[in-house]
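Novice: below are the sequence and a predicted model; questions follow.
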Amino acid sequence: MSLGRREFFLKSVAWGAAVAAGRALRASAAEEGKAAKAELKISSQEGIVPGKSLREKVEKMEKWGFDGLEVGGGGLPGRVKEIQEALRGTKIKLSAICSGYEGVLISEDEKVRKQAADTMKEILAAAGELGSTGLICVPAFNGQTKLGNREARKVLLDVLPPLGDAAVKAGTRVLLEPLNRGEAFFLRQLADAASICRDAKHPGICMMGDFYHMNIEETCDLGAFISAGSYLHHVHLASRARNLPGQDERDFIAGFTGLKLIGYQDHASLECGVVGDRESEIPKAVEFLRRQWQEADVRKLCG
């Protein structure tokens with residue numbers, strides 16, 4: 001079988017399995033009368049939006065139709081008042097906190113693991129105070145640990161429960177982020193993250209998905225989000241080339257259909273570069289995403 005035919009076959013099988021799972025989800029939700037209506041709440045990382053101050057950025061985001069703001073975790077405990085003031089009186093809510101901690105959670109060195117856990121707990125406390133959905137966590141980037149996959153998974157499941165406790169106490173979550181193989185050898189697909197959340201058995205341990213990394217690692221966006229299910233509490237948005245959605249051929253309809261199928265309620269946030277003038281291109285991306293969301297029709301897929 002040629003590579004082209006093989007890829008087509010695999011994608012067809014994955015799509016068929018995803019559709020079947022979607023039908024099962026819809027049937028189950030209908031029986032229980034608990035079908036949640038998904039929402040597209042568009043957010044952006046603060047560095048993408050132009051503006052001399054955070055307040056100016058937030059005001060532009062509100063004007064352009066955003067719903068949320070994602071900030072970095074570095075120095076977050078000292079920025080709580082600044083962020084609260086920037087958001088006050090607007091419809092913009094804080095979405096996720098992007099990393100910012102020190103150390104490596106699955107390092108072979110216990111001291112380095114402890115450093116990561118201690119600094120994450122500080123950020124989680126501030127995240128909870130700001131009403132954030134959670135702190136994004138990458139267990140290790142390439143070159144940051146000598147542990148193999150099996151050892152790394154065991155270590156991660158050992159260190160996660162206390163972090164989950166700290167997250168729940170603060171009123172937020174730890175969000176595991178799968179990356180593509182060029183950035184991380186460990187945790188590359190949404191199903192992998194979901195299985196860790198399942199085994200952690202902790203309400204404070206959840207996950208996120210990133211369309212850029214998914215384009216490299218996943219066979220089917222729809223199936224990937226279905227595999228994440230209720231563990232999914234944040235999404236990153238980017239085109240194939242990691243620019244604004246709509247700036248290349250990257251399509252979000254299948255992924256958005258998956259989000260609708262699982263009744264997704266949290267934010268989807270821009271994490272990307274921008275080709276061209278940000279003042280004009282960012283509003284275009286928001287409009288593009290709204291159109292793609294409308295085109296994601298669960299009834300056509302699973303009718």
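Specialist: Everything's here; your move. Residues are numbered from 1 along each chain as shown.
Novice: pretty sure residue 271 contacts residue 45?
Specialist: Yes. Counting by C-beta atoms under 8 Å, residue 271 does reach residue 45; the two are 5.4 Å apart. For the C-beta atoms, the positions are set from N, CA and C on the backbone; glycine is no exception.
Novice: show me which of these two is the more surrounded one.
Specialist: Set side by side, residue 271 and residue 45 show more neighbours around residue 271, with 21 against 18, by other C-beta atoms under 10 Å.
Novice: who touches the more buried one in this structure?
Specialist: Applying C-beta atoms under 8 Å, 6 or more residues apart in numbering, we find residue 271 in contact with 45, 48, 70, 98, 210, 212, 236, 237, 238.
Novice: buried ones in the helix or strand hosting residue 195?
Specialist: Using DSSP states H and E, residue 195 sits within helix 190-200. Buried residues in helix 190-200, counted by 16 or more other C-beta atoms under 10 Å: 190, 191, 192, 193, 194, 196, 197, 200.
Novice: quick one: the helices in the stretch 51-200 of the chain, in order.
Specialist: 54-64, 80-87, 110-129, 149-170, 190-200 (DSSP state H, counting those that start in this stretch).
Novice: what is the longest one packed up against?
Specialist: In other words, helix 149-170. Helix 149-170 sits against helix 110-129, strand 174-176, helix 190-200, strand 205-210, with contacts defined as 3 or more C-beta pairs under 8 Å, 6 or more residues apart in numbering; DSSP states H and E.
Novice: can you put those in JSON lines and add mean pLDDT and distance to residue 148?
Specialist: JSON lines is the format used below for these (pLDDT from 0 to 100; distance: least, C-beta to C-beta, whole Å):
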{"stretch": "helix 110-129", "mean pLDDT": "98", "distance to residue 148": "16"}
{"stretch": "strand 174-176", "mean pLDDT": "98", "distance to residue 148": "18"}
{"stretch": "helix 190-200", "mean pLDDT": "98", "distance to residue 148": "15"}
{"stretch": "strand 205-210", "mean pLDDT": "98", "distance to residue 148": "22"}
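Novice: among the ones you listed, which is nearest residue 41?
Specialist: strand 205-210 (13.7 Å; C-beta to C-beta).
Novice: contacts for the following helix or strand past that closest one?
Specialist: Per DSSP H and E, the first helix or strand lying C-terminal to strand 205-210 is helix 211-217. Helix 211-217 has contacts (C-beta under 8 Å, 6+ apart) with 178-183, 188-190, 221, 224, 235-240, 242, 245, 250, 252, 255, 271-272.
Novice: pLDDT wise, what is the residue lying closest to residue 252 once chain neighbours are set aside at?
Specialist: Among residues not flanking residue 252 along the chain, residue 292 sits closest, at 4.5 Å (C-beta to C-beta, 6 or more residues apart in numbering). Note on residue 292: pLDDT of 98.
Novice: residue 292: how many residues sit nearby?
Specialist: 20.
Novice: contacting residues around it?
Specialist: Taking C-beta under 8 Å, 6+ apart, one finds 245, 251, 252, 253, 256 in contact with residue 292.
Novice: turn the helices of the stretch 51-200 of the chain into TSV, including distance to residue 230.
Specialist: TSV is the format used below for the helices of the stretch 51-200 of the chain (distance: least, C-beta to C-beta, whole Å):
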stretch	distance to residue 230
helix 54-64	28
helix 80-87	27
helix 110-129	20
helix 149-170	15
helix 190-200	9
